[in-house]
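Visitor: build me a model:
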Amino acid sequence: MESFALLLAATLNAGTVLAIAGLGLLINERAGIVNLGAEGMMLVAAIAGFATAVHTGNDWLAFAAGMGAGAVLAAAFGGLVIWLNTNQYASGLALSLFGAGFSAFVGIKYTQEKLVERPKFEIPFLADIPFVGPAFFKHHPIVYLTVLGVIGLGWFLYRSRGGLVLRAVGESPESAHALGYPVRRIRLVAVMVGGALCGLAGAYISVVYTPLWVEGMVAGKGWIALALTTFATWRPARVLLGAYLFGGVTMLQFHLQGEGVQIPSQWLSMLPYLATIVVLVLISRNAMWIRINMPASLGKPFFPGS
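Guide: Predicted coordinates:
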């Protein structure tokens, strides 16, 4: 039971990274923009957050630095695809490649750096409950804020005027423009907010999840988060559920290794990505379901006045 509690705790921790990035990408796609640069933004944010934590010793400043880095890169991406009408897919891939190279270059001198001893977080009294305490009540505050963020984003999208406008821009930017809404500015804000959340996910990886800097340490989590939005059919609550599912698969490999299961480590490392492919294949079998839930203008450029 203790081992299972630790597996649950690790699942929540790993799923938080995917959930934060997935929510950011969901906001982008609800506005009609596909950003394939999540991996690159998360890598740049990871080194920005880690460097800030090394020099200041403050986790929250590190998270702010990661969010800032993600937002700046997203703004550059937004300027290209929203105002210059470059191809969204090609621009996103370019951003991902740029982020990988830039973070590797900037992070060279930080590969040997270590953060100060990390503070331990727990909720008083609840953390002492057998099994439940170690599994659910000894996490970093970001884990709990992510759950609140899912609730807040769900309310914003489906219960607020701002969310209605955002979804309208993603469904029919021409109609939103005809009603007087600044479609391009709304899309840019959505892209920057999404980039900031991807940045927070990247900083969380290097500051809390694995408190160190290693080149390429995001290790495909940005791509999994991208697939997660489709898996969740662009619904915040489903993003969280899917993030925990993929987080559990990721942690299962280490759990099995710890239990002495005789499976080549390469096969276990492939589990999260195999699970991603299987889920996407299963979802793609029902193309109508995807079309019904997908924002109608996703990936399509918008030309005001055309």
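
Visitor: every contact and neighbour count from this point should use C-alpha atoms.
Guide: Noted.

Visitor: give the rounded mean pLDDT of the helix or strand residue 90 falls within.
Guide: Assigned by DSSP states H and E, residue 90 falls within helix 88-106. Averaged over helix 88-106, pLDDT sits at 96.

Visitor: for it, packing partners?
Guide: Counting contacts by 3 or more Cα pairs under 8 Å, 6 or more residues apart in numbering; DSSP states H and E, helix 88-106 packs against helix 38-56, helix 59-78.

Visitor: repeat the analysis, applying 6 Å as the threshold.
Guide: helix 38-56 (3 or more Cα pairs under 6 Å, 6 or more residues apart in numbering; DSSP states H and E).

Visitor: which outside residues touch the helix it packs on?
Guide: 59, 62-63, 65-66, 69-70, 96, 99-100, 103, 115, 198-199, 202-203, 206-207, 222 (Cα atoms under 6 Å, 6 or more residues apart in numbering).

Visitor: related to what we said a few turns ago, for the helix holding residue 90, buried residues please.
Guide: By neighbour count on 16 or more other Cα atoms under 10 Å, the buried set for helix 88-106 is 88-89, 91-96, 98-101, 103-104.

Visitor: what's next to stretch 234-253, contact-wise?
Guide: Residues outside stretch 234-253 that contact it (Cα under 6 Å, 6+ apart) are 11, 14, 15, 18, 19, 26, 150, 154, 232, 268, 272.

Visitor: which two of those residues have the greatest separation?
Guide: Farthest-apart pair in the contacts of stretch 234-253 is 154 and 268; separation 34.2 Å (Cα to Cα).

Visitor: about what we covered before: which of the contacts of stretch 234-253 fall within helices?
Guide: Of the positions in the contacts of stretch 234-253, 11, 14, 15, 18, 19, 26, 150, 154, 268, 272 sit in helices, assigned by DSSP state H.

Visitor: residues contacting the first one?
Guide: Spelled out, it's residue 11. Contact analysis of residue 11 by Cα under 6 Å, 6+ apart lists 247, 248.

Visitor: do you know the pLDDT at it?
Guide: In this model, residue 11 is scored at 91, pLDDT.

Visitor: and it, how far from residue 300?
Guide: Separation of residue 11 from residue 300 (Cα to Cα, to the nearest Å) stands at 36 Å.

Visitor: next: residue 181.
Guide: Counting by Cα to Cα, the gap from residue 181 to residue 300 is 18 Å.
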